[in-house]
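Asker: got a predicted model here, sequence first, then my questions.
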Amino acid sequence: MTIRKANSSDIIEIVEIHMNRFHNFFLTSLGSSFLRIFYKAFLKSPGILLVLEDEGEVKGFVAGTRDNRGFYKKIVKNNFLSFFLIGIKLLFAKPASLLRVGYKIIKSDKNSIIFAELLSIASKKNKRGYGKLLLKGFESEVNNYNPDLLPVALTTDYDENEKAVRFYRDSGYVVLEVFESFRGRKMYRFIKYFNNI
């Protein structure tokens, strides 16, 4: 098993894993075309996109940023044409989704603390510890260039999500806050400081 930086040829596999693991999630509802643009944006700094390969096949991925300050604005700016074109499609197919995306971009700039952020992690079903390896790989990648010693944060659902909550707690993350996201969805924000890694 190896963890490496993703490249553009991995995007289709990453999107497929995302679609299979996050069927009822908002980003999945935007479709595979949106997800291809979204994950491709993580290939540019300050994005982080890693894949786990096992037996010559991509079995999982992790995506995030080294620094949450203005990250969503940066990925839209760095990939403006692609996001603009998919935005026009969404305007006609799912106009409410654009409001939610805009809400996320604006809200992300109002975080009270600065952190590196894990935004998505998923693998094909397995009993080989892919999730733990991907999480460690992400933490190492953040740590490789982290002059400000930023902690790593992530959000996950509060309700009916015991397995994920236990996974993050067992990996050294602690609850920073419980908050409501778009339309009152209750969420945890977990955080891990580098002196705990």
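Answerer: Cool, got the structure. Numbers count the residues shown, from 1 in each chain.
Asker: helix or strand right after the lowest-mean-pLDDT helix or strand in the chain?
Answerer: Taking mean pLDDT, DSSP states H and E as the measure, helix 95-108 is the helix or strand of the chain with the lowest mean score, a mean of 58. Sequence-wise, the next helix or strand beyond helix 95-108 is strand 116-123, with elements assigned using DSSP states H and E.
Asker: gap between D170 and K163?
Answerer: Counting by C-beta to C-beta, to the nearest Å, the separation of D170 from K163 is 11 Å. Where C-beta positions appear, they are placed from N, C-alpha and C, glycine not excepted.
Asker: check K40 too.
Answerer: Between K40 and K163 the distance, using C-beta to C-beta, works out to 29 Å.
Asker: distance from the chain centre to stretch 34-51, please.
Answerer: 9 Å (C-alpha atoms, centre = their mean, to the nearest Å).
Asker: could you pull out the helices for the chain?
Answerer: When assigned using DSSP state H, the helices of the chain occupy the ranges 11-21, 26-29, 32-41, 71-78, 80-93, 95-108, 130-144, 162-170.
Asker: show me what contacts N126?
Answerer: Taking C-beta atoms under 8 Å, 6 or more residues apart in numbering as the definition of contact, the neighbours of N126 are K59.
Asker: for it, grab phi and psi.
Answerer: Reported as degrees, to the nearest 10, the phi and psi values for N126 are phi -160, psi 170.
Asker: can you pull the pLDDT of it?
Answerer: N126 is assigned a predicted lDDT (pLDDT) of 84.
Asker: next one: the one 5 residues further on
Answerer: Turning to G131, the model gives it a pLDDT of 95.
Asker: quick one on the thing from earlier: among the helices of the chain, which gets the worst mean confidence?
Answerer: Across those, the lowest-scoring stretch is helix 95-108, with a mean of 58.
Asker: quick check, central residue of the protein?
Answerer: When the chain is reduced to its mean C-alpha position, the nearest residue by C-alpha atoms, centre = their mean turns out to be L119, at 2.0 Å.
Asker: right, and V58 touches V15 too?
Answerer: No. Judged on C-beta atoms under 8 Å, V58 makes no contact with V15 at a distance of 10.9 Å.
Asker: look up how far E160 lies from F71.
Answerer: Per C-beta to C-beta, F71 is found 28 Å from E160.
Asker: of those two, who's got more company?
Answerer: The residue with more neighbours, out of F71 and E160 and counting by other C-beta atoms under 10 Å, is F71; that gives 22 against 7.
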